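# Output the structure for:
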Amino acid sequence: MILEIVSPEAKLFSGEVTSVTLPGVDGSFQILNNHAPIVSILEKGTVKIAASNFNFSKDIASKFTRVNDQTYTLEIQSGTIEMKDNKVIVLVD
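Predicted coordinates:
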C-alpha cells in the first residue's frame, strides 16, 4: 500500500509500506495492505512505519527514528488519517 505523511511544512514521507501503526484517540491501531476505508483522528504519540525500503531526503530524515532496516518511527503531536483505495494519507502536526 502507499503511505503519504504530510505536515504543514513539508511532505515527510511517500512510498510503499507493508504496515503503519498510528496513535488513535481510542488507542493505537495498525493498517495493513487492503485495509477497509477509514478516517480517524490521531493524538500525540508514535507513528510506526514498516517497509522494505526507505528513501528520505536529508532534511527530513532527522525527524524519523530508525528501529531497524525495515522499521522507522515518527513522533507526532496530533493529526488525521484517511485510508482509501489502498492509499494511506496522514496529516500530522
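# is it true that Glu9 lies in a helix?
No: counting by DSSP: H, G, I helix; E, B strand; the rest coil, Glu9 falls outside a helix, being coil.
# What is the burial count for it?
Neighbours of Glu9 under the rule other CB atoms under 10 Å: 8. Every residue, glycine included, has its C-beta placed from N, CA and C.
# any idea how far it lies from Val92?
From Glu9 across to Val92, the span is 10 Å (CB to CB, to the nearest Å).
# after the lowest-mean-pLDDT helix or strand in the chain comes which helix or strand?
One helix or strand of the chain scores below all others by mean pLDDT, DSSP states H and E: helix 58-61, with a mean of 86. Heading C-terminal from helix 58-61, the first helix or strand you meet, by DSSP states H and E, is strand 64-68.
# Give me the buried positions along that following strand.
Residues of strand 64-68 classed as buried by neighbour count (16 or more other CB atoms under 10 Å): Phe64.
# what comes up buried for the helix or strand that that strand is followed by?
With elements assigned by DSSP H and E, the helix or strand that comes after strand 64-68 is strand 71-76. By neighbour count on 16+ other CB under 10 Å, the buried set for strand 71-76 is 71-72, 74, 76.
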